[in-house]
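1. Sequence and predicted structure below; questions after.
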Amino acid sequence: MEDKERRLFRLIGVLSTVGITLVAATLIGYYMGYYLDRLFGTSPWLTIIFLLFGIAAGFKNLFASVKRVERLYETQGKGGGDDRKDRT
């Protein structure tokens, strides 16, 4: 397998997790809040708060993934030539 193909698959792998982590963090926050609301009888406040925490965590992971992809792209561009030259 060529070096360019390996780099492409690596970038695709990193980017494919973005949507999954955003949805997973939101759902985890929602269900944690829902469970705590039922436990303490504080409906809907903890659900709303933990849902917002989950959304915030999802976006934090989104931005971290984008930074990771930028770093991978920059290091790959310096190592074996710039991939941006191939775009037309």
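-> That came in fine, so what should we check first? Numbers count the residues shown, from 1 in each chain.
2. what packs against the helix or strand E5 falls within?
-> Using DSSP states H and E, E5 sits within helix 3-40. Applying 3 or more Cβ pairs under 8 Å, 6 or more residues apart in numbering; DSSP states H and E, we find helix 3-40 packed against helix 45-79. (Glycine included, C-beta is placed from N, CA and C.)
3. Rounded mean pLDDT for the helix it packs on, please.
-> In this model, helix 45-79 has a mean pLDDT of 88.
4. Next up, phi/psi of the residue lying farthest from the centre of the chain, please.
-> Largest separation from the mean C-alpha position in the chain: G41, at 32.5 Å (Cα atoms, centre = their mean). In terms of degrees, to the nearest 10, the main-chain angles of G41 are phi 70, psi 40.
5. per-residue confidence at it?
-> Note for G41: predicted pLDDT of 95.
6. can you check D3 too?
-> For D3, the predicted pLDDT is 82.
7. gap between it and F9?
-> For D3, the distance to F9 (Cβ to Cβ, to the nearest Å) stands at 11 Å.
8. Quick check: buried residues in stretch 37-44?
-> Neighbour-count burial for stretch 37-44, with 16 or more other Cβ atoms under 10 Å as criterion, is recorded at D37.
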